[in-house]
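Trainee: Any chance you can model this:
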Amino acid sequence: MQSNSGLIRILPALPSAWTEGHMHGMKAVGDVTVSIDWKNGEATRVTLTNNQGQTMRVHYKNLAKAKVYVDNELKEVAVEDNVATLTGANGSVVVLDFDGSFTPTGINAVKTDVARDGYMYNVSGQRVNDTYKGIVIKNGKKMLKK
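Mentor: Numbers count the residues shown, from 1 in each chain. Next comes the predicted model:
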């Protein structure tokens, strides 16, 4: 990974001897945390954590072939000259999936009718009462009860 002039380059100079591997938790300019997995000398997955909510510009030779997920939601992203401009909120996570192996997980990926019954549920889907402490879902909104 190389990061300068506001551009994050994915595997710009991967040695041919490193056909398979990963690097996790590298910092790019602009306080972006980058993780890359690769196989046969090609990126299979790139994860970018946007720590400051800024615009990120990413360059990779096969970028147009990637499925792009922002906080587990599939997004359409324009790629020009192998560069994509990605935006997100502070703490958002962008996944560039090149091999189709990424499966969105977590409560944000669940699409269902929102129950507006006033009951609270824990993350396991069990109904809980007002004395429950932890993450709860009420009327389709997540919140932390202390």
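
Trainee: beta partners of the closest residue to residue 28 other than its chain neighbours?
Mentor: What sits nearest to residue 28 in space, not counting adjacent residues and going by C-beta to C-beta, 6 or more residues apart in numbering, is residue 3, at 3.7 Å. (Each C-beta comes from the backbone N, C-alpha and C, glycine too.) Per DSSP bridges, the residues bridged to residue 3 are residue 8.

Trainee: now do residue 74
Mentor: Counting by DSSP bridges, residue 74 is bridged to residue 69.

Trainee: Tell me how far the residue sitting furthest away from the middle of the chain lies from residue 123.
Mentor: The centre of the chain is farthest from one residue, residue 131, which by C-alpha atoms, centre = their mean lies 33.5 Å away. Note on residue 131: its distance to residue 123, by C-beta to C-beta, to the nearest Å, is 17 Å.

Trainee: Quick check: can you name the pairing partners of the helix or strand where residue 25 lies and their directions?
Mentor: Assigned by DSSP states H and E, residue 25 falls within strand 21-28. Using DSSP bridges, the strands paired with strand 21-28 in its sheet are strand 32-39 (antiparallel).

Trainee: I figured residue 26 was touching residue 2, is that so?
Mentor: No. Judged on C-beta atoms under 8 Å, residue 26 makes no contact with residue 2 at a distance of 10.1 Å.

Trainee: Which parts of the protein are helices?
Mentor: For the chain, no helices are identified by DSSP state H.

Trainee: Could you report the neighbour count for the residue nearest to residue 75 when sequence neighbours are not counted?
Mentor: The shortest distance from residue 75 to any non-neighbouring residue, by C-beta to C-beta, 6+ apart, is to residue 68 (5.1 Å). Number of residues near residue 68 (other C-beta atoms under 10 Å) recorded here: 19.

Trainee: do the one 5 residues further on as well
Mentor: Residues within reach of residue 73, counting by other C-beta under 10 Å, total 11.

Trainee: cool, and residue 26?
Mentor: 13.

Trainee: any idea how far it is from residue 130?
Mentor: Distance from residue 26 to residue 130, by C-beta to C-beta: 44 Å.

Trainee: Likewise for residue 100?
Mentor: Counting by C-beta to C-beta - residue 100 and residue 130 are separated by 44 Å.

Trainee: got it, and residue 141?
Mentor: Distance from residue 141 to residue 130, by C-beta to C-beta: 16 Å.
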